[in-house]
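**Q** Fold the following and give me the result.
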Amino acid sequence: MEALLNRNEDFAKLADQDNKVIASGLITLEKVVKHQLHFNIPIYQRLYVWKSGQIRTLLEDIKNAFLKDFHYDFFLGGVMLSNNKEGQIDLVDGQQRFTTLWLICDELAKYNNKLENFIYTSQNEPRIYFSIRDKAQKFLKDKESFKEYLNDKGEIIKGAESEVSEIIPLVEGRYMIKEIINEFQKDLSFDVKAFANYFYTQINLTYTFIPGDSDMNRVFEAMNNRGKQLEHHELLKSRLLQQISKDNRLIYALIWDACSDMGTYIEKSIKDIADLNWKDLYGNSAILNEENLEDSSKFEIENVDILQVLQRDQHQENTNSSLLNILQDTTDGNSNSSKKEITENEYSSKKTRSIISFPAFLLHTLRVYQLNNDFSKENSAEVIDKNLLAVFNVEKNFNSEEQAKTLIELLWKTRVLFDKYVIKWIYDTEAKEEFHGLESVQLSKSILKNKNGTSNETISIQRIETTDESLRGLVKLQGMLYHSQEMTTQYWLTPFLFFLVNEKNSNPLLLRKLETLENVLFYSKKNTSKLKERTFEVVSQNLNEELDYLVNTQHYLTQLSGTNYPNYIFYKLEYILWKNRLSLCNKYQLVVERWNNFRLTAKNSVEHIFPQQSKEENKHIDYISDDDIKEMNLKGQHPIDDFGNLVLLSPGMNSEYSNMPYKQKKGKFDSKTDVDSLKSELIFKSTDWNWKKVDTHRNEMIELINSYIISLKS
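**A** Below you'll find the model as predicted:
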């Protein structure tokens, strides 16, 4: 092969069958159009498989970059291209990302017609072509082509799944993109037209063009076997450790490595990484030898001086037992001290997953560090993984051993408290699904006496789901925040972690603190600053005074805003309903156990209970009297969009309900074992549904929200 062509953009030559060169460069969607590129997805590429979480993360990352500065480029990653025998350009690697980009642009094109030029070539063909995937290609060309078989959410309404399987992920992806972009637009300051233009001009892809006669098997083997590139947090670790003396570097490296494993609880992580045992970790077995293990607070890892433990362990490793030491050991093998042998069972916990990545956790830790050191809100760190090294700026901000140590010690403390008080995704092996939860440390001890008078004592350490009522409240409240805020940033964590690090609160007071924080951050009329700054300055505010500036719920929830109500207000209400579950279940004779076991899940579809458009056979069902509807229509109001007639559902539930009349929806809801929505359960307790009941329900929801806020002020 010839030498690399730096930033070669002569794609006509590169696509030629005789091309033998490798080329690399950057390309925007605008340049794709300019060079009239048409991408073929080879037959060996798998079907489109991206799920909602991947699509949301990509869109939120791009949105954050756009909001920060729409003049700056966004680097989406790399694609590998090659010329084929037909003189076309094969998309060898990066197909999933590029297909997602095409689907996003297809939705954004209605806001900026420049994107039409990217979606379709001058011959009005989709710019991407799926080899031998005729149905997928037909769908890209005409999104209505499979409407009789699939609805717009990708659910089958006719025929067998095998007939349309290859397009279902494309339909689902398109629908999810539409929902997320609609969600972005609920923020009235979001300029969707400028966002669409940002895609066209500022999204950059790194392309690598290889000759078509390359051995593709070897190319893929090389791609799969190439040395893994160091991640940014690994480079950051190296730079920070360079500031620490060699004598202490290993200890701080162990702490960092333990904290970086976000999928394992910190006590298990540090035990394994530092090759400790429980007696090392919990004070040379003094605690483990106690007869009464009921007080689990003694075994919290936050009570362990980790530096002391690691220093002691390192010292012991460096001290070799000499022959003289062994010969002088006069311990009597039959003494009382040896009659009891302590063994350690395997550590037990469910499979867990963190709600944020380690780089994001590092950035929240940095923000806590900045708060502790009086940084201004303008200079506070932004939670963007890709800017990790630049944001930390070790050479400027952590150029001394003391600063580097302080940061890593804070990282440890923050991670310990994160594991104790911040929800994780916990996998239920029986139900084969994940749920949000908090698990506490529990130790148990069993003693087996032997015939010779000795005994074996076994210590078991495990994580079990908390039964503490305040901590259960934290689970629901944090679940509400997780689902209603940006998935990748979760800015509310900064002030919450700050208070955990700097204050000692009982569980009830900690729950009250987060309830107050949530209202001040997300339900205040004063919220005009960016979330990055708002979640920074809130720690210095008088939170009780800030509660006087909350949204007027009575006014807000009587606006008849329909699907423009943000998802947040529905999630917030679900938490308040759960918090009042005993009184509500007693009032409406509902099953308390169902409400006790209620779990907040991802939802993004606002659904009308009484449908916006009734089917012909259901038009005789009255929602509101003719006189009332005339009066409201004269005011430009649409009573069907009342908050009392709305619930937040998953896309699947929304599709299932569709334009069904109330009683059919009630039948479907009542047939389910678990409660999907508490607001829905209160609505479906009624035998029928009309404007008067909507009015009553809405007023009750307003009263519950107001009572909740008043309770925080007292």
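**Q** ok but residue 75 is inside a helix, no?
**A** No - under DSSP: H, G, I helix; E, B strand; the rest coil, residue 75 sits outside any helix and is assigned strand.
**Q** can you list the weak-confidence ranges in the stretch 251-400 of the chain?
**A** Residues of the stretch 251-400 of the chain that meet the criterion pLDDT under 70 lie in 283-299, 314-346.
**Q** again, only using 50
**A** Applying pLDDT under 50 to the stretch 251-400 of the chain flags the ranges 284-286, 320-342.
**Q** can you give me the strands in it?
**A** Here the stretch 251-400 of the chain has its strands, by DSSP state E, counting those that start in this stretch, at 340-344, 352-354.
**Q** now the helices: where do they sit in the stretch 551-700 of the chain?
**A** Using DSSP state H, counting those that start in this stretch, the helices assigned to the stretch 551-700 of the chain run over residues 553-556, 567-579, 581-588, 592-596, 626-634, 651-657, 662-670, 678-683, 691-713.
**Q** same thing with the stretch 201-350 of the chain?
**A** In the stretch 201-350 of the chain, the helices defined using DSSP H, counting those that start in this stretch lie at 216-225, 232-241, 246-260, 266-273, 278-281, 306-318, 323-327.
**Q** and the fourth one, what does it pack onto?
**A** If you count contacts as 3 or more C-beta pairs under 8 Å, 6 or more residues apart in numbering; DSSP states H and E, helix 266-273 packs onto helix 246-260, helix 278-281, helix 401-421. Where you see a C-beta, it was placed from the backbone N, CA and C, and this is true even at glycine.
**Q** please redo it, this time with the cut-off set to 7 Å
**A** helix 246-260, helix 401-421 (3 or more C-beta pairs under 7 Å, 6 or more residues apart in numbering; DSSP states H and E).
**Q** In terms of mean pLDDT, which of those helices ranks lowest?
**A** Among the helices and strands packed on helix 266-273, helix 246-260 carries the lowest mean pLDDT, at a mean of 92.
**Q** neighbouring contacts of it?
**A** With contact meaning C-beta atoms under 7 Å, 6 or more residues apart in numbering, helix 246-260 is reached by 233, 237, 241, 244, 266, 269-270, 273-274, 306-307, 310-311, 314, 358, 405, 408, 411-412, 415.
**Q** now those residues: which count as buried?
**A** Burial of the contacts of helix 246-260 was assessed by neighbour count (16 or more other C-beta atoms under 10 Å); the buried members are 233, 237, 241, 244, 266, 269-270, 273-274, 306, 310, 314, 358, 405, 408, 411-412, 415.
**Q** Contacts made by stretch 667-687 with the rest, please.
**A** Residues outside stretch 667-687 that contact it (C-beta under 7 Å, 6+ apart): 570, 573-574, 577-578, 588, 590, 594-595, 598, 609, 647-649, 653, 656, 666, 693, 697.
**Q** In ChimeraX, select just the buried ones from these.
**A** A single ChimeraX command selects the buried members of those (16+ other C-beta under 10 Å):
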select :570,573,574,577,578,590,594,595,598,609,647,648,649,653,656,666,693,697
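**Q** Quick check: end-to-end length of stretch 115-125?
**A** Stretch 115-125 stretches 14 Å from its first residue to its last (C-alpha to C-alpha, to the nearest Å).
**Q** ok, and for it, which residues are buried?
**A** For stretch 115-125, a neighbour-count test (16+ other C-beta under 10 Å) marks 115, 117-120 as buried.
**Q** Which member of these is positioned nearest residue 476?
**A** residue 115 (40.7 Å; C-beta to C-beta).
**Q** I'd like the distance from residue 704 to residue 553, if you could.
**A** Counting by C-beta to C-beta, to the nearest Å, the gap from residue 704 to residue 553 is 9 Å.
**Q** so who does residue 517 touch?
**A** 492, 495-496, 538, 543.
**Q** same deal with residue 233?
**A** Contacts of residue 233 (C-beta under 7 Å, 6+ apart): 260, 358-359, 362, 388.
**Q** Recalculate using a threshold of 6 Å.
**A** 358-359 (C-beta atoms under 6 Å, 6 or more residues apart in numbering).
**Q** where does it land on pLDDT?
**A** 90.
**Q** Let me know the distance separating it from residue 151.
**A** For residue 233 relative to residue 151 (C-beta to C-beta), the value is 42 Å.
**Q** do residue 117 as well
**A** For residue 117, the distance to residue 151 - C-beta to C-beta - is 30 Å.
**Q** Kind regards, and thank you for your time.
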